[in-house]
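**Q** Predicted model and sequence follow; I will ask about them next.
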Protein chains: 2
Amino acid sequence: MSKLTDVPKRILIGRALRSDRLGETLLPKRIALPVFASDPLSSVAYAPGEVLLVLSIAGVSAYHFSPWIALAVVVLMFTVVASYRQNVHAYPSGGGDYEVANTNLGPKAGLTVASALLVDYVLTVAVSISSGVENLGSAVDFVIEHKVLSATIMILLLTLMNLRGVKESGKLFAIPTYVFVGAVFVMIAWGAWRGLVMGDSMEAPTAGLEIKAEHQGLAGFALVFLLLRAFSSGCAALTGVEAISNGVPAFRKPKSKNAATTLALMGILAVTMFCGIIGLAMATDVKMAEAPATNLLDNGVPVGPDFVQHPVISQVAEAVFGNGSFLFIVLATATALVLFLAANTAYNGFPLLGSILAQDRYLPRQLHTRGDRLAFSNGIVLLAGAAILLVWIYDADSTKLIQLYIVGVFVSFTLSQIGMVRHWNRHLRSEQDQAARSRMKRSRAINTFGAFFTGLVLVVVLATKFTHGAWVALLGMVIFYGTMTAIRKHYDRVADEIAAAEGPSDDSVRPSRVHSIVLVSKVHKPTLRALAFAKLTRSDTLEAVSISVDAAETKVLREEWERRGINVPLKILDSPYREITRPVVEYVKGLRSENPRDAVSVYIPEYVVGRWYEHLLHNQSALRLKGRLLFTPGVMVTSVPYQLESSELAKRRAKKRAEWNAPGAVRRGPVDTPRPRDPAGK
Amino acid sequence: MSKLTDVPKRILIGRALRSDRLGETLLPKRIALPVFASDPLSSVAYAPGEVLLVLSIAGVSAYHFSPWIALAVVVLMFTVVASYRQNVHAYPSGGGDYEVANTNLGPKAGLTVASALLVDYVLTVAVSISSGVENLGSAVDFVIEHKVLSATIMILLLTLMNLRGVKESGKLFAIPTYVFVGAVFVMIAWGAWRGLVMGDSMEAPTAGLEIKAEHQGLAGFALVFLLLRAFSSGCAALTGVEAISNGVPAFRKPKSKNAATTLALMGILAVTMFCGIIGLAMATDVKMAEAPATNLLDNGVPVGPDFVQHPVISQVAEAVFGNGSFLFIVLATATALVLFLAANTAYNGFPLLGSILAQDRYLPRQLHTRGDRLAFSNGIVLLAGAAILLVWIYDADSTKLIQLYIVGVFVSFTLSQIGMVRHWNRHLRSEQDQAARSRMKRSRAINTFGAFFTGLVLVVVLATKFTHGAWVALLGMVIFYGTMTAIRKHYDRVADEIAAAEGPSDDSVRPSRVHSIVLVSKVHKPTLRALAFAKLTRSDTLEAVSISVDAAETKVLREEWERRGINVPLKILDSPYREITRPVVEYVKGLRSENPRDAVSVYIPEYVVGRWYEHLLHNQSALRLKGRLLFTPGVMVTSVPYQLESSELAKRRAKKRAEWNAPGAVRRGPVDTPRPRDPAGK
């Protein structure tokens, strides 16, 4: 029976996982790379195209700036990677940018970073899924014809997968990521061979088209602005670089060193692929336009709204491998897969960051449990909802979504790097060893340059993208920031209110006696159990109280009480309007005002049931009564449970739920190292 | 401050009413009549039209059958009124048809009647509001052009009004009802005077149209069937007659006699108005068709879809008073108002019936509180939702909705009358007094005829209306019946499960000692209070338990514990995954398995807060922990409340809520007479 009904549940929510299996794996570099790098590596699937798109505004002639822009992105990438290599050495606990900013720049900076990261997670899902759908669409027509629908379905699938709590496996990430990287390198090598050695002329499908420049002959400030905008778009390649700094605990020892090496490897792979694809795009004459329907011309005629502008990576693959060829399909599939894995990253990061924020009381306290299913689920659903909303608003158009994307990333880059500079300054004040001092000074120099460069990029991004959508991301950050500040304020206020004064105890009027009441409706097992328990905890006086809503029933109760010889006095409260709550509350208040120094202990027999609808049928009056009683000072309410047979169902469910394991455990590392507070910090 | 924020609440939810004001008024007949009769009297606004509509299928020649149909309706009305006069004498407690059927025919019949009545209440709202909108529409064009919208708004207004808990005032009902009755009588008299004495030829706006018969020259069985269908539609005039039998306690003494007189008065008014309107319709040549667009011809041409077919009562009023005349407007307004009051009747009846059903455990137990705001609101919202659904499905077309309406009414009429026959039979078995016996025999004869006649009508209604929509009403009844049976079965099963065996107590293993645990996170006032309370209720052992989720915090806790010299041992449970629930549950289970005869009492400090969002920020872990602990046998959980300042808000809210007074109190009568069980009944 139960086996059968379990099947659909199993399929939807997944087999329960033991929490203690968590500790088994530490990641070697070859697995850590794909686990952490799917997000930054996958961005080469859209970043090169975004550069060309922006340049096309000034016409095809502007394309010759693209190598310079690529170079700028490469320099930025190396800067960021070098900076984060300092982070992972200094903060190996996995707290990431939030921890760095919080410790070194104070809670406001920390909260800003956290808000930026939360917004970023949402955008990672929206952008990666949209781009994945576009890439898949270059091989499968249906997907591109129903883009928003396909993207929504993909997000829902990912959501379900993560709610199920699939154990993140390194291999799951490794295969598609390595296939993707391999395929891109094969493409670059094969393209270079064909172009440079064989002298083949490879043509992208859009090679024959012309671009109608929106602004012909742009020069001076306008041109610089355009180039900066193109550079901002190219910076999309850097999203996700910070992931490794959150995952240091997951690495094999020496953790920080391995993490730093992986970071470097990732940086090299990413820039090579980014430059290779831009180079191939130039060689195969790819044409991209922001509004292809009107600004791409086929023999002077606009291609019209039916034209589908495929991503650069797929156009290049078509030129190099041939449309529909085996390698073309492999690359398209691997690209889409890697993008979906990138989106999955956000599903792991969002609840994790939430739990860290909850620990610092910026979010509801109950979220702080690691891998708490309920908290986790709430986070996942919030993330998915926000991402789906964005996908719908922006038609699952990765180009539009990218305008929002980079702000958050660079806010956290910049603040994190500034924080690192402070960190080194502080340590330099106390460090005496000259070798250590010079290492620190070198690190500080790197982080200073990193802070300066990423800060500059942030300004550029804000200037060039604000009206294109960056304001939406900023608005999102403000909302997160405001909400979290309000929550923290609330907790602080309550903490002040409940703070105990000095001295052994200060609870103003300490009760001296306790008067116990057992609520009785009928004489049945739950009532008898409640009576037995109430007797067991010895109070000064004990009586049973029943509310008379029906004269006949009350009579039966009184008779049975006597017949059974229950040696607890039974008090009947009249309730002409068949109310339960009011007579009890008034009775209890009466007791309190007669003897203000007495505490009143109310025992309520409660049914423990197993099915959701049974909750509607039981305990509702008890719950409401309890809610009202708790407002009366000097009252405590004891639930004496009586487990109905159906409660076994709920017990089994609860057990399963307790054994559930949050996804993303692999990248978080097996040990829940408590985050060390910086000793010199606030 | 609080005054200001109260204003919108006041407007929406209404000033709180004192429950004890309830007992002040008993209804004199002149007020009882409009309170209870707005529903049956208002049906003359649509019933005559429905008769003509059906007849028109056989062409205008069939209209000459209408007096005969009116006669049949009159006979039926007198039968039903005479029958119910017996009911109010025999069952003065206000239980109505449900009580009669339940007591005399058993719970299945009772439940059938209840299901029928619940469906009926929904339809009363849908039909009355739709018809009200149609009548208002004869004076205000906008309303008829946006019929569904207007009807929905009206339902929402009524819902809000009832959720506010407006005290039902007799006068509120009296004025529109008397204006309506008066206006109809003036119309009938004036029409008779003009037609019979002055010899004026009055013409309805549709007098000049012709009817295209759908079935020309209908004869034999087909004609009989059509006449029966017309009669079924005319029976809509009888809906609501049973209302008085639910309201006997509200009458002044002698209650039963006054109720019976009011019933008779209502019957006479209703039939006079019904016949008068049919007569005037004939005299003024009103033409009605089921599908006016195609079947009403103007000079041989169909009037088309733009034609609005106004209700008979407004057409007649136009003919008699003149379109747009003062009396015409008065009548249209009064008609609409009386129909809205009729709908309001259902808003009072639905939750009341729900509370009676809850008392008999057919609905969740907590609904049985009289005028419980929460229960009441749920009922109101369910009723409004269902009515709005019907209005949307049937385009707020009263003609379509009436097809569903009459089934339920006649199901309860028939079962109630059969029940009354049984009632007399039973009493006749024991009654010796000859005068009483002959009175009973007379009553029995009346009820027997009533049962026979209403049963016959039920068969006719089912036969003629089943495919026209009656099946929907039956389906609704089946759903209500099934749900309520299932709920009752559940309660019965639980009652069996928890029934106490004989003997002074049978709670298998009685615990002999109690081990108390106070959950501690920090040393603050709530914790200190919980400790104080736990000490007060003396248990065999007492310890404080804290879950270590953060080594540093735990250290602080331990130090403060010692510093303050709290004389309760502090036990720290490790929680590597920062879980709260699991370590506690496992610790408690461990205690239980070490000493299976010990009970464990867990004290949880709980924050009492005042704002809804504060609930999200506090006590969530405590709630979840409590939920899990209750599954463990031998455990009781005590909430020790600590009232935060904001809890004052909730306290004030709760007080207001407690003082709220359910609408419909007037018609229920001031005293909550417990329903006497028929001594010979089960």
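**A** Okay, I see it. Numbering: from 1, shown residues only, chains lettered A, B, ... in the order given.

**Q** quick one: the helix or strand where residue A:41 lies to chain centroid distance?
**A** Element membership of residue A:41 [criterion: DSSP states H and E] is helix A:29-42. For helix A:29-42, the separation from the chain centroid amounts to 18 Å (computed by CA atoms, centre = their mean, to the nearest Å).

**Q** got it, and stretch A:266-273?
**A** With CA atoms, centre = their mean, you get 26 Å for stretch A:266-273.

**Q** Can you list the buried residues in it?
**A** Within stretch A:266-273, the residues that qualify as buried are A:266, A:267, A:269, A:270, A:271, A:272, A:273, counting by 16 or more other CB atoms under 10 Å in any protein chain shown. Using the backbone N, CA and C atoms, a C-beta is placed for each residue, glycine as well.

**Q** And stretch A:141-154, by the same measure?
**A** A:143, A:144, A:147, A:148, A:150, A:151, A:152, A:154.

**Q** so the last one sits right up against residue A:130, yeah?
**A** No. Under the criterion of CB atoms under 8 Å, residue A:154 makes no contact with residue A:130, lying 9.3 Å away.

**Q** elements contacting the lengthiest strand in chain A?
**A** Scanning chain A for the strand with the most residues, using DSSP state E, yields strand A:598-608. Applying 3 or more CB pairs under 8 Å, 6 or more residues apart in numbering or on different chains; DSSP states H and E, one finds that strand A:598-608 contacts strand A:513-519, helix A:525-536, helix A:581-594, helix A:620-629, strand A:635-643, helix B:525-536.

**Q** related to what we said a few turns ago, state the mean pLDDT of the helix holding residue A:41.
**A** Mean pLDDT, computed over helix A:29-42, is 85.

**Q** The closest residue to chain B within the stretch 101-250 of chain A: neighbour count?
**A** Nearest residue of the stretch 101-250 of chain A to chain B, counting by CB to the nearest CB: residue A:249, 13.3 Å away. The tally of other residues near residue A:249 (other CB atoms under 10 Å in any protein chain shown) stands at 20.

**Q** and what of residue A:239?
**A** With other CB under 10 Å as criterion, residue A:239 counts 25.

**Q** which stretches of the stretch 1-150 of chain A have low pLDDT?
**A** Along the stretch 1-150 of chain A, the model assigns pLDDT under 70 to residues A:1-25.

**Q** Repeat that for chain A.
**A** A:1-25, A:165-170, A:369-375, A:502-509, A:577, A:657-682.

**Q** thought residue A:77 was touching residue A:267?
**A** Yes. In this structure residue A:77 lies within contact range of residue A:267 using CB under 8 Å: 5.5 Å.

**Q** Now for those two: what residues contact both?
**A** Counting by CB atoms under 8 Å, 6 or more residues apart in numbering or on different chains, the shared contacts of residue A:77 and residue A:267 are residue A:241.

**Q** and residue A:538, how many residues sit next to it?
**A** 14.

**Q** what is it paired to in the beta sheet?
**A** Beta bridges link residue A:538 to residue B:538 when assigned by DSSP bridges.

**Q** ok, back up a step: can you name the residues in contact with the very next helix or strand once past the longest strand of chain A?
**A** Per DSSP H and E, the first helix or strand lying C-terminal to strand A:598-608 is helix A:612-617. Here helix A:612-617 makes contact (CB under 8 Å, 6+ apart) with A:609, A:644, A:646, B:364, B:365, B:487, B:490, B:491.

**Q** Mind doing that once more with 10 Å?
**A** A:607-609, A:611, A:623, A:644, A:646-647, A:649-650, B:361, B:363-366, B:486-487, B:490-491, B:494 (CB atoms under 10 Å, 6 or more residues apart in numbering or on different chains).

**Q** just the buried members of those?
**A** Of the contacts of helix A:612-617, these count as buried by 16+ other CB under 10 Å: A:607-609, A:644, A:646-647, A:649-650, B:361, B:363-366, B:487, B:490-491, B:494.

**Q** Name the nearest of the buried residues of stretch A:266-273 relative to chain B.
**A** Within those, proximity to chain B (CB to the nearest CB) peaks at residue A:266, which comes in at 29.5 Å.

**Q** if I look at that closest one, how far off is residue A:244?
**A** When CB to CB, to the nearest Å is the yardstick, residue A:266 and residue A:244 sit 7 Å from each other.

**Q** Describe which strands the longest strand of chain A pairs with in its sheet and in which direction.
**A** Paired strands of strand A:598-608, with direction, are strand A:513-519 (parallel), strand A:635-643 (parallel) (DSSP bridges).

**Q** what residues are up against residue A:554?
**A** A:546, A:547, A:548, A:570, A:572, A:573, A:574, A:575.

**Q** Any figure for the gap between the residue sitting nearest the centre point of chain A and chain B?
**A** Taking CA atoms, centre = their mean, the centroid of chain A lies closest to residue A:350, which sits 1.2 Å from it. Separation of residue A:350 from chain B (CB to the nearest CB, to the nearest Å): 17 Å.

**Q** That residue touches residue A:383, doesn't it?
**A** Yes. Between residue A:350 and residue A:383 there is a contact under CB atoms under 10 Å: 4.7 Å.

**Q** Quickly list what's touching both of those two.
**A** A:118, A:121, A:122, A:124, A:125, A:162.

**Q** Of those, which pair is most distant in space?
**A** A:118 and A:162 (16.4 Å; CB to CB).

**Q** What are the buried residues along whichever strand or helix holds the residue nearest to the centre of chain A?
**A** In this assignment (DSSP H and E), residue A:350 forms part of helix A:326-359. Buried residues in helix A:326-359, counting neighbours by 16+ other CB under 10 Å, are found at A:328-359.

**Q** Tell me the residue of the stretch 301-450 of chain A that sits nearest chain B?
**A** Closest point on the stretch 301-450 of chain A to chain B, by CB to the nearest CB, is residue A:366, at 3.9 Å.

**Q** would you say that residue is within a helix?
**A** Yes. With DSSP: H, G, I helix; E, B strand; the rest coil as the criterion, residue A:366 is part of a helix.

**Q** Which stretches in the stretch 101-250 of chain A count as strands?
**A** A:210-211 (DSSP state E, counting those that start in this stretch).

**Q** Hmm, residue A:157 and residue A:347 touching each other?
**A** No. Applying CB under 10 Å, one finds residue A:347 not in contact with residue A:157, separated by 11.3 Å.

**Q** Enumerate every residue touching the residue lying closest to residue A:41 once chain neighbours are set aside.
**A** Leaving aside its chain neighbours, residue A:41 sits nearest to residue A:270 (5.8 Å; criterion: CB to CB, 6 or more residues apart in numbering or on different chains). Contact analysis of residue A:270 by CB under 10 Å, 6+ apart lists A:37, A:40-44, A:47, A:73-74, A:77, A:81, A:181, A:237-238, A:240-241.
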